[in-house]
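Participant: can't give you the sequence, but here's the structure:
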């Protein structure tokens, strides 16, 4: 699975204000743009998501073993949320997370949703399944990406329905951008994110890395879809207070910059994976300033 405010899944390669990590790559953990009092809470949420992602994705465990570990992880989450002692398997995760849940009233169902998405990753990879259409992909984003944005908005005290909807749009856009950026990496690993209905309509094999004209057309239309979602959510940057709002601006601009690079490659992400470089940061900062 593919990532302050930042929604979870900023595109891989985005310059961050903290050391980069894999998977939730661009979740700038407790960066200097975050209010100091919230840094431990943000780090705890990150550790929870990153560890669960590793359970689902890393190492050579069987799919059934991964699902069993995720079930145990979920049980520990609920124990910590009740103020009880979780198992001794993941103390660096659940000791601080339990404190954050108690201190901030963190919505546990959002954490549950993240685990549901990780479980879905395992099941779909095991079964070789893909996503039927855009609605199916958005359902996944609702659980894989959107919860992190909502958790962070909760910490910042932003609760309005419009702001939550804008956060969801940004998070879903970032997740989709990550998919279209990583096609050359995900498909060999058995991850098929191109909508199957559009693959069928255009005669594209979703498991192929062949960059045909129709595959390029398919990627181009999905890039436009992600762009539309990002534009829909972008006004949120003016509603998030202080330095966190500036961090969100950079996250949004990082996603938009990756879309620029995909377009510059003529949508050939079945063959190559675009990345942000250090020289992209001044462009992102300038654009963030004028949002």
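Facilitator: Great, that's in hand. Please read all numbers here as calculations on a predicted model, not as lab measurements.

Participant: Tell me the buried residues in the helix or strand that contains residue 174?
Facilitator: Secondary structure from DSSP states H and E places residue 174 in helix 161-181. By neighbour count on 16 or more other C-beta atoms under 10 Å, the buried set for helix 161-181 is 163-164, 166-181. The way it works is simple: take the backbone N, C-alpha and C, and place the C-beta from them, glycine included.

Participant: now the residue nearest to residue 273 when sequence neighbours are not counted, what's its secondary structure?
Facilitator: Excluding the flanking residues, the one nearest residue 273 by C-beta to C-beta, 6 or more residues apart in numbering is residue 184, at 5.3 Å. Under DSSP: H, G, I helix; E, B strand; the rest coil, the three-state class of residue 184 is helix.

Participant: give the contact list for residue 184.
Facilitator: 209, 269-273 (C-beta atoms under 8 Å, 6 or more residues apart in numbering).

Participant: and if you look at residue 70?
Facilitator: 52, 55-56, 115, 118-119, 122.

Participant: 6 Å - rerun?
Facilitator: By C-beta atoms under 6 Å, 6 or more residues apart in numbering, residue 70 lies in contact with 55, 118-119.

Participant: Turn the residues you listed into TSV, columns for pLDDT and neighbour count.
Facilitator: Below are the contacts of residue 70 laid out as TSV (pLDDT from 0 to 100; neighbours: other C-beta atoms under 10 Å):
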residue	pLDDT	neighbour count
55	96	23
118	95	24
119	96	20
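
Participant: quick check, nearest of these to residue 41?
Facilitator: Ranked by distance to residue 41 (C-beta to C-beta), those are led by residue 118 at 20.9 Å.

Participant: pretty sure that closest one is touching residue 50, no?
Facilitator: No - look at residue 118 against residue 50 with C-beta atoms under 6 Å: they stay out of range, at 10.9 Å.

Participant: does the nearest residue to residue 221 once chain neighbours are set aside belong to a helix or a strand, and which?
Facilitator: Take residue 221 and drop its neighbours on the chain: the residue closest to it by C-beta to C-beta, 6+ apart is residue 198, 7.1 Å away. Using DSSP H and E, residue 198 maps to helix 196-202.

Participant: pLDDT score assigned to residue 10?
Facilitator: On the pLDDT scale, residue 10 is placed at 38.

Participant: ah, wrong one, I meant residue 283
Facilitator: 89.

Participant: okay if I get the contacts of residue 184 as JSON lines plus pLDDT?
Facilitator: Below are those laid out as JSON lines (pLDDT from 0 to 100):
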{"residue": "209", "pLDDT": "89"}
{"residue": "269", "pLDDT": "96"}
{"residue": "270", "pLDDT": "96"}
{"residue": "271", "pLDDT": "94"}
{"residue": "272", "pLDDT": "94"}
{"residue": "273", "pLDDT": "94"}
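
Participant: Pull out the buried members of these.
Facilitator: 269-270, 273.

Participant: Just the mean pLDDT for the helix holding residue 174, thanks.
Facilitator: 96.

Participant: Equivalent analysis for stretch 69-82, please.
Facilitator: Here the average pLDDT along stretch 69-82 is 98.

Participant: Could you pull out the buried residues of that stretch?
Facilitator: 69-70, 73-74, 76-77, 80-81.
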